[in-house]
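*Asks:* Just a sequence and a predicted model for now, questions to come.
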Amino acid sequence: MDFNFKKPSHLAALLLLLGSLALFIAYPVFSLYYSAPITSLYTESMTSFQRLTIEVILLLTQLFFVFIGLIIIPILWYTLVNRISLKEMFARVQLKQEEWDLALLWGVITVIFAFALIVMIGLIYMYVTNIDTKTLSNIPDLQLLFSIPSLYILVTLQPFCEEFFYRGFLFEKITKMTSPFIAIVITSVLFGISHLSYTHAYAAVTAFILGLLLALVVLKTKNLFSAIFAHVVINIVSLTLFIYGTSFWM
């Protein structure tokens, strides 16, 4: 094991990693019970420029924290603790250029399985709980803060960071300490928890299922790009279906 509690640089890396876990995993759990529902920051008296300025700041802030917490902090761990090069980091998280066609094929297969499972689980969930279908997605909450173009930017860019952290960095570390099976379960649970929100615990269930599929495809292909591709496609298609579905039924 490379980590050494006696080394200040290692302790610094640990504190940064704990901070990232607190922000993306512990905070969603806390907000599920103690945060107020999301409300729009915009008022009718605002000009278009003011709304655009606030939205751009929110978007850049969101992407900044995601990039720092899910990519930069793992890179710092690899640098300070493991002391390996960027090329070795990419090898460990299985960011490979080889066999793109195979990674793409398995990514497509994962997308198909993901939507089939999500639809089935959604129908079961609605039947058992009698819940309003509008609460099965956190997109309405996001629409209070972001316009449709900003949402597409988020759902396209954020998966790169999430896959690097969950199916790349954490998967590699947990696999080394235990086994791939345990790594799949733990990273999927953490990924699910990170998607908890104030009124939409269902999002955590679907994220857990998605996490399992994405981890399995990485284990199968030995290529993180398969999971990144699948994750991006699932996000974009889900957002598009929600937007057009909402417009159709209104």
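*Replies:* Structure's in. What do you need?

*Asks:* which residues touch the nearest residue to Phe164 once chain neighbours are set aside?
*Replies:* Closest residue to Phe164 in three dimensions, ignoring its sequence neighbours and counting by C-beta to C-beta, 6 or more residues apart in numbering: Ile71, at 5.3 Å. In this view, the C-beta of every residue, glycine as well, is placed from N, C-alpha and C. Shown in contact with Ile71 (C-beta atoms under 8 Å, 6 or more residues apart in numbering): 161, 164-165.

*Asks:* Look up how far Phe65 lies from Ile71.
*Replies:* Separation of Ile71 from Phe65 (C-beta to C-beta, to the nearest Å) stands at 11 Å.

*Asks:* which residue ranges form the helices in this structure?
*Replies:* For the chain, the helices defined by DSSP state H occupy 8-21, 27-34, 48-67, 73-77, 86-92, 100-129, 139-143, 148-163, 171-177, 180-193, 202-221, 224-249.

*Asks:* Could you report the distance from Ile236 to Ala230?
*Replies:* Taking C-beta to C-beta, one finds Ile236 at 11 Å from Ala230.

*Asks:* who's more crowded, those two?
*Replies:* Comparing Ile236 with Ala230 by other C-beta atoms under 10 Å, the one with more neighbours is Ala230, at 28 against 15.

*Asks:* who's in contact with the more buried one?
*Replies:* By C-beta under 8 Å, 6+ apart, the residues touching Ala230 are 106-108, 110-111, 114, 213-214, 217.

*Asks:* now do 6 Å
*Replies:* Neighbouring residues of Ala230 by C-beta atoms under 6 Å, 6 or more residues apart in numbering: 107, 110-111.

*Asks:* now Ala114
*Replies:* Taking C-beta under 6 Å, 6+ apart, one finds 210, 213, 234 in contact with Ala114.
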